[in-house]
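Q: Build me a structure from this.
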Amino acid sequence: MTGIGKRLATTALAASLVLAGTAELGVTTASAATACRTNTKSVSLPGKPDVTFKVQLCVSGSGTLRHAQATFSWSGNYGYIGGTRFNVVYLTVLLEQHDGGRGATGSYYTANVDDQYSGTVSLGVSKTGSLSSGGWSADGDLQYDVTDDGNPTHTWELYGSPEIS
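A: Numbers count the residues shown, from 1 in each chain. As a prediction, the model looks like this:
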């Protein structure tokens, strides 16, 4: 065998040993994946400046971890702070697989929205362990009750994120 042939054979042997060791340990070379979708809604407030809600739903995964996150922001007329604009603002974020719930969390943001003309908050839920691949997405809803509008609490069903493996 020539010098080049010996080097190629040695390199091939070393690579096969590394790959065999990786397979033996169960290590996978999965790359991180993320998919997002943004939802926007304008809400009319009687006698007060309107508010625009924006919710970005993202799902991400790497190895044995899947995570759903909602980034919730609101904006209104600059200069208007305080007062009761909403009786309830409640965000729910869901981690789903093939539209079945695998995790959920929620939080009230009523005081945040009433006290600040604009702002951004984040809320997330994770699942780890032995996870089957495919069909993972983030979903959720935003419940809000406008003060003095005479209507019950509204539930805004958000469009979920695209799916990842």
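Q: Tell me how the chain divides into domains.
A: Using automatic domain parsing, the domain parsing of the chain gives 1-30, 33-157.
Q: The helix or strand containing Gly103: how far from the chain's middle?
A: With secondary structure defined by DSSP states H and E, Gly103 is part of strand 100-108. On the basis of C-alpha atoms, centre = their mean, to the nearest Å, strand 100-108 sits 11 Å off its chain's mean C-alpha point.
Q: for whichever helix or strand comes after that strand, packing partners?
A: For strand 100-108, the succeeding helix or strand toward the C-terminus, using DSSP H and E, is helix 110-115. Secondary-structure packing of helix 110-115 (3 or more C-beta pairs under 8 Å, 6 or more residues apart in numbering; DSSP states H and E): strand 86-97, strand 118-128. Heads up, the C-betas are built off the backbone N, CA and C, glycines and all.
Q: How far off centre is whichever helix or strand comes after the last one?
A: Yep, that's strand 118-128 we're talking about. For strand 118-128, the following helix or strand on the C-terminal side (DSSP H and E) is strand 136-146. In terms of C-alpha atoms, centre = their mean, the centre of strand 136-146 is found 11 Å from the chain centre.
Q: Taking strand 100-108 as reference, get the angle to strand 136-146.
A: 30 degrees (axes from the mean of the first three to the mean of the last three C-alpha atoms, to 10 degrees).
Q: If you count neighbours, what's buried in strand 136-146?
A: Trp136, Ser137, Ala138, Asp139, Gly140, Asp141, Leu142, Tyr144, Val146 (16 or more other C-beta atoms under 10 Å).
Q: residues contacting the residue nearest to the third one when sequence neighbours are not counted?
A: If the residues on either side of it in the chain are set aside, Ala138 comes closest to Ala68, at 3.6 Å by C-beta to C-beta, 6 or more residues apart in numbering. The contact partners of Ala68, by C-beta atoms under 8 Å, 6 or more residues apart in numbering, come to 57-59, 93-96, 103, 124-126, 137-140, 161.
Q: Which of the residues you listed are buried? Put it as a PyMOL command.
A: Remark: buried members of the contacts of Ala68, expressed as a PyMOL selection using 16+ other C-beta under 10 Å:
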select buried, resi 57+58+59+93+94+95+96+103+124+125+137+138+139+140+161
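Q: pLDDT weak spots in the chain?
A: 1-31, 78-82 (pLDDT under 70).
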